[in-house]
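> how does the following fold in three dimensions:
(chains A and B)
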Protein chains: 2
Amino acid sequence: MKSNETRVTRRDLIIGAGSFAAGAALLSAAGPGFISGAEAKGTTKYPYKKLDLDEVGKTAYERYFTKFCANTTMGGIFIPLQKKVGDPYVSFPLDAITWAHGGIMGWGTACGTLIGAGMAIGLIAGEQGDPIINDVVAWYANNELPIYKPAKAIKADIKNVSKSDSPLCHISTGRWMKKEGVGFFTPERLDRCARVSADVAMHTAKLLNAWAEGKYTPANQPLANAKAFGLPVQNNCTDCHGSNIPKTPGA
Amino acid sequence: MKSNETRVTRRDLIIGAGSFAAGAALLSAAGPGFISGAEAKGTTKYPYKKLDLDEVGKTAYERYFTKFCANTTMGGIFIPLQKKVGDPYVSFPLDAITWAHGGIMGWGTACGTLIGAGMAIGLIAGEQGDPIINDVVAWYANNELPIYKPAKAIKADIKNVSKSDSPLCHISTGRWMKKEGVGFFTPERLDRCARVSADVAMHTAKLLNAWAEGKYTPANQPLANAKAFGLPVQNNCTDCHGSNIPKTPGA
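Numbers count the residues shown, from 1 in each chain, chains lettered A, B, ... in the order given. Below is the predicted model:
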């Protein structure tokens, strides 16, 4: 092992996290943490009507190929609401969120589907929706995607599903590409991301439907990771702090 | 070196990236890549008037302590426009983007300031604004922040600036915390992120002012990294694919 290399075990990280969490607990008494719950005064929420999940999925899948992940995930929810409710959904310019594709213009940060879902939830539920997008992110990271199967693939049939273990576009897309054995600029990768967009739009609509009925209960504690580790973070530290990172996306 | 550890050099990554880029170049002829330029038909853009950067910075800095990074960065631009233009800025519910704080509800993905800036740019410029948010992300990653200095610190004076080399909240915040020697739930970290919010809002307004005058030219090629590496990505691979990752955020 070279002198400038660092060996990291899960135990190191748990020990490190423990001391950070203890520090955070002490410090949170002195300084403010994050706000919790709803603080929606002064906002105009977009009126919501329960959505048909199949319509949401089909809309998001088909729109992806011209508008990409963020725009189409938001569109999968907003376009059916344009028909059911009208304004303010009709007036909202969906092109305002196209930039989030590829983890913000190809930088590989948060999957654009999550930014699109977040904006849809935020406009509909305001800060009451914060636990909903938190649940969507956790669901995204912890499930084998894509689930959505189009009646007929628009670009390509695909073979594999994969669990990203991460909300990051770079990791989610890279892991699936490695499993499928294809590159980024391929019909297969496009079809996979179109299906993931449908998945995220449908799961978001499912949670919004429950919320609209007063039946939504958060599945995950918001900010649990940040509080436990003393830093905004995923909960799978050794995926990056360790020796599991491939040499290249396809290695 | 243990058998399950991987040693990565910059040369490995450049070689790997080269083969991916070559593959991408071949494949882009067969399948569509991303759209480029403006495709704004059917959208309603928010009318823009040139902003005073000091007002933008002060608004974003002060609002941070109740609304956090994404909401306050967007607010730093939208609140002055509420006064200058009125609607649609007055009607837009800024609480719809609070969820993006901490890299989306504390998951540490894209810095919330960038998501707030992206939505402000998107609503004002539509897809014409895509190169602008790309430039804001590159500027964020490559500069020592925070630059903004409040007349009087609201939570705490701070000593350090740091270059994140990344658009990710986890890395940007973690690197600054390490340099400053403070934890996440501290008055110093709050004041740092409030100042970074002011920085991002001001830089965004500066680019929007230039765009409004017809004088904006992209400083960075959109999707350059994704095209070069064959995956949505930052351009500093060895920051994660290598041995430079600390054991814990404060190590």
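
> can I assume residue A:47 sits in a strand?
No: read with DSSP: H, G, I helix; E, B strand; the rest coil, residue A:47 is coil and lies in no strand.

> distance of it relative to residue A:88?
8 Å (C-beta to C-beta, to the nearest Å). (C-beta placed from N, C-alpha, C; glycine too.)

> comparing the two, which shows the higher neighbour count?
Neighbours per residue (other C-beta atoms under 10 Å in any protein chain shown) separate residue A:47 from residue A:88, with residue A:88 holding more: 19 against 14.

> nearest spatial neighbour of that one, chain-adjacent residues omitted?
Among residues not flanking residue A:88 along the chain, residue A:46 sits closest, at 5.4 Å (C-beta to C-beta, 6 or more residues apart in numbering or on different chains).

> before we move on, what about residue A:235?
Residue A:235 sits nearest to residue A:225 (C-beta to C-beta, 6+ apart), 5.0 Å away.

> wait, that neighbour sits on residue B:106?
Yes: if you go by C-beta atoms under 8 Å, residue A:225 and residue B:106 touch, sitting 6.1 Å apart.

> between these two, which contacts overlap?
Here residue A:225 and residue B:106 have A:232, A:233 as joint contacts, going by C-beta atoms under 8 Å, 6 or more residues apart in numbering or on different chains.

> just the strands in chain A please.
A:144-145, A:162-163 (DSSP state E).

> ok, the last one near chain B or not?
It stands for strand A:162-163. No: Strand A:162-163 stays clear of chain B (C-beta under 8 Å from any C-beta of the partner chain), getting no nearer than 14.4 Å.

> show the contacting residues for the residue nearest to residue A:235.
Applying C-beta under 8 Å, 6+ apart, the residues contacting residue A:225 are A:232, A:233, A:234, A:235, B:106, B:107, B:108.

> before we move on, what about residue A:85?
Going by C-beta under 8 Å, 6+ apart, residue A:85 touches A:46, A:47, A:48, A:49.

> quick one, helices of chain A?
Counting by DSSP state H, chain A has helices at residues A:10-30, A:53-84, A:112-125, A:130-142, A:169-180, A:187-212, A:224-229.

> measure the most centrally placed residue in chain A to residue B:102 for me?
With distances taken as C-alpha atoms, centre = their mean, the residue of chain A nearest its centroid is residue A:114 (3.1 Å). Remark: distance between residue A:114 and residue B:102 (C-beta to C-beta) = 13 Å.

> where in chain A is pLDDT low?
Scanning chain A for pLDDT under 70 picks out A:1-44, A:247-251.

> how about 80 then?
A:1-44, A:235-236, A:238, A:242-251 (pLDDT under 80).

> quick one, which of the strands of chain A is nearest to residue A:97?
Nearest to residue A:97, of all the strands of chain A, is strand A:144-145, at 20.5 Å by C-beta to C-beta.

> residues in contact with the closest one?
With contact meaning C-beta under 8 Å, 6+ apart, strand A:144-145 is reached by A:161, A:162, A:163, A:164, A:172, A:176, A:195, A:196, A:199.

> quick one, what contacts the nearest residue to residue A:172 once chain neighbours are set aside?
Of all residues not flanking residue A:172 in the chain, residue A:164 sits nearest, at 3.5 Å (C-beta to C-beta, 6+ apart). When contacts are counted by C-beta under 8 Å, 6+ apart, residue A:164 touches A:111, A:140, A:141, A:145, A:171, A:172, A:175, A:176.

> by neighbour count, which of those wins?
Neighbour count (other C-beta under 10 Å) singles out residue A:111 as the most crowded of those, with 36 neighbours.

> ok, now how distant is that residue from residue B:214?
Residue A:111 is 34 Å from residue B:214, by C-beta to C-beta.

> so which bits of the stretch 151-251 of chain A are right by chain B?
A:155, A:167-170, A:173-174, A:177, A:183-187, A:190, A:222-227, A:229-234, A:240-241, A:243-251.

> which of the residues you listed count as buried?
When these are checked for burial by 16 or more other C-beta atoms under 10 Å in any protein chain shown, the buried set is A:155, A:167-170, A:173-174, A:177, A:183-187, A:190, A:222-223, A:225-227, A:229-234, A:240-241, A:243, A:245, A:247-250.

> wait, what's in contact with the closest residue to residue A:105 other than its chain neighbours?
Excluding the flanking residues, the one nearest residue A:105 by C-beta to C-beta, 6+ apart is residue B:134, at 4.2 Å. Going by C-beta under 8 Å, 6+ apart, residue B:134 touches A:99, A:104, A:105, A:106, A:107, B:218, B:220, B:222, B:223.

> just the buried ones from the residues you listed, in PyMOL syntax?
A single PyMOL command selects the buried members of these (16+ other C-beta under 10 Å):
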select buried, (chain A and resi 99+104+105+106+107) or (chain B and resi 220+222+223)
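
> residue A:123: which of the contacts of residue B:134 is nearest?
Distances from residue A:123 to the contacts of residue B:134, taken by C-beta to C-beta, are shortest for residue A:99, at 16.8 Å.

> wait, the closest one touches residue B:115, no?
No: between residue A:99 and residue B:115 there is no contact under C-beta under 8 Å: 9.8 Å.

> which of the strands of chain A is buried the deepest?
Of all the strands of chain A, strand A:144-145 has the most neighbours on average by mean count of other C-beta atoms under 10 Å in any protein chain shown, namely a mean of 18.

> what pairs with that one, parallel or antiparallel?
Note on strand A:144-145: by DSSP bridges, its sheet partners are strand A:162-163 (antiparallel).

> what residues does the strand it pairs with touch?
In contact with strand A:162-163 (C-beta under 8 Å, 6+ apart) are residues A:141, A:142, A:143, A:144, A:145, A:172, A:175, A:176, A:179.

> try 6 Å
A:144, A:175, A:176, A:179 (C-beta atoms under 6 Å, 6 or more residues apart in numbering or on different chains).

> quick one on the thing from earlier: going by distance to residue A:58, which of the contacts of residue A:164 wins?
Nearest to residue A:58 among those, with distances taken as C-beta to C-beta, is residue A:145, at 17.0 Å.

> run through the bridge partners of the closest one.
Note on residue A:145: beta-bridge partners residue A:162, judged by DSSP bridges.

> neighbours of the residue lying closest to residue A:207 once chain neighbours are set aside, how many?
Distance criterion C-beta to C-beta, 6+ apart; nearest residue to residue A:207, sequence neighbours excluded, is residue A:132 at 5.0 Å. When neighbours are counted by other C-beta under 10 Å, residue A:132 registers 27.

> now residue A:132: how far from residue A:61?
22 Å.

> residue A:231 too?
Taking C-beta to C-beta, one finds residue A:231 at 36 Å from residue A:61.

> on that earlier part again, ok, so of the contacts of strand A:144-145, who is nearest residue A:123?
residue A:199 (20.6 Å).

> tally of neighbours for residue A:157?
11.

> need the phi and psi values for it.
phi -70, psi 150 (degrees, to the nearest 10).

> kindly report the same for residue A:223.
Backbone torsions of residue A:223, given as degrees, to the nearest 10, read phi 70, psi 20.

> so what's it closest to, chain neighbours aside?
Per C-beta to C-beta, 6+ apart, closest to residue A:223 is residue B:106, 4.2 Å.
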